[in-house]
Each structure stands twice: as structure tokens, then as C-alpha cells.
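**Q** next one to model:
(one chain, ligands or ions: 2)
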Amino acid sequence: MAKKKPVEQSAAFLKTIRDWQKLEDETIRHADTLMKKTRNRLVKMTMEMIKHDSQKHKAMQQMLIDSLTTEPFILAPEELGAISEGLNKHLAAEAKSLELADEALNNCELFVTRYILSYLIADEQKHHSLLGKLNELKRATVFVT
Ligand SMILES: [Fe+2]
Ligand SMILES: [Fe+2]
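**A** Ligands and ions are numbered 1, 2, ... in the order given. This next block holds a predicted model:
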């Protein structure tokens, strides 16, 4: 019996990702427009960061689409085992970053500082958690596709 296709390979799922990817172009345009409309450096910085994030999202959505339609992502625990030491060092550095960022946030008083630090902390948490998930997979015994 043929193996049932995962839902990710359905037309509906792919459409959702493609529609979302199109919206990234719209958010990039909004960010560009707002950057031109303001001279405020904090607003400009916010728009710049959102624009970068949207560009990154577009690239990741494309990789996801390609992995589902062309060449699947394959990740074997042995491959992670081979970079285990590097992963652990990286994880530790991200953890230390988070510690410093939290310390700075806990000590700060100004709105702007809190605004920027909370964005950065969300990113550092993301980095730490992504690496943590990869690290977990080292112990997995199945292929992840
Ligand atoms: Fe996005
Ligand atoms: Fe980081």
C-alpha cells in the first residue's frame, strides 16, 4: 500500500504558505513606505527590523515550499551528533546572551530601552530554543523529514 502523503503536501496547505508569503511582500512595502514617511529614528529602526524579518520569512517559506514540492529536508541524528560540540557551545553562548539581556531589561527604566530590549530578548529566546530543539533531536532515533 502506498504511504499516505502528509497534509503538508496538500494543495490547501501549500496555498496557505504561498498566500502568507505574498503578504510578506505587502509588509515589506508598508515598512518601506513608513520609513520614507518618517524622520524618527526609532520608527525607522522598527521598520528596518520588520523589513529584514519579512525578507527572512519569505526565504524560509520558500525553503519550506521547496522542501515539500522538490527536495525534502532530511535530518538524521548522526548528522547532529557530528556537530554536537559546536551546538553545545553555541547553545551556551545564546544562554549567556539571554542572561545579559534579561539583566539589562530588569535594570532599565526608559520606554525606548525596554522596547528595544524586549525585541532582542524575543530573538535570543528564539535562537536558544531553535538550538535546543536541534539538540534534542540528537537523541532521536528516527529520521526527521
Ligand atoms: Fe512575516
Ligand atoms: Fe542570539
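
**Q** can you tell me the centre-most residue of this structure?
**A** The centroid of the chain falls nearest to K126 when counting by CA atoms, centre = their mean (6.9 Å).

**Q** any idea which element that one lies in?
**A** Using DSSP states H and E, K126 sits in helix 111-137.

**Q** buried set for that helix?
**A** Applying a neighbour-count criterion of 16 or more other CB atoms under 10 Å, the buried positions in helix 111-137 are 116-117, 121, 123-124, 127-128, 131, 134, 137. Where you see a C-beta, it was placed from the backbone N, CA and C, and this is true even at glycine.

**Q** helix, strand or coil: sort out the residue in the chain that ligand 1 sits nearest to for me.
**A** Residue nearest to ligand 1 within the chain: H57 (3.7 Å; CB to the ion). The local conformation at H57, judged by DSSP: H, G, I helix; E, B strand; the rest coil, is helix.

**Q** and for it, nearest residue in space, chain neighbours not counted?
**A** Leaving aside its chain neighbours, H57 sits nearest to E24 (5.2 Å; criterion: CB to CB, 6 or more residues apart in numbering).

**Q** what about that neighbour, how many neighbours?
**A** Neighbour count of E24, defined by other CB atoms under 10 Å: 19.

**Q** gap between the residue nearest to K58 when sequence neighbours are not counted and H30?
**A** Sequence neighbours aside, E24 is the residue nearest to K58 in space, at 4.5 Å (criterion: CB to CB, 6+ apart). Distance, E24 to H30, using CB to CB, to the nearest Å: 11 Å.

**Q** for H57, same thing?
**A** 14 Å.

**Q** same question for L110.
**A** 27 Å.
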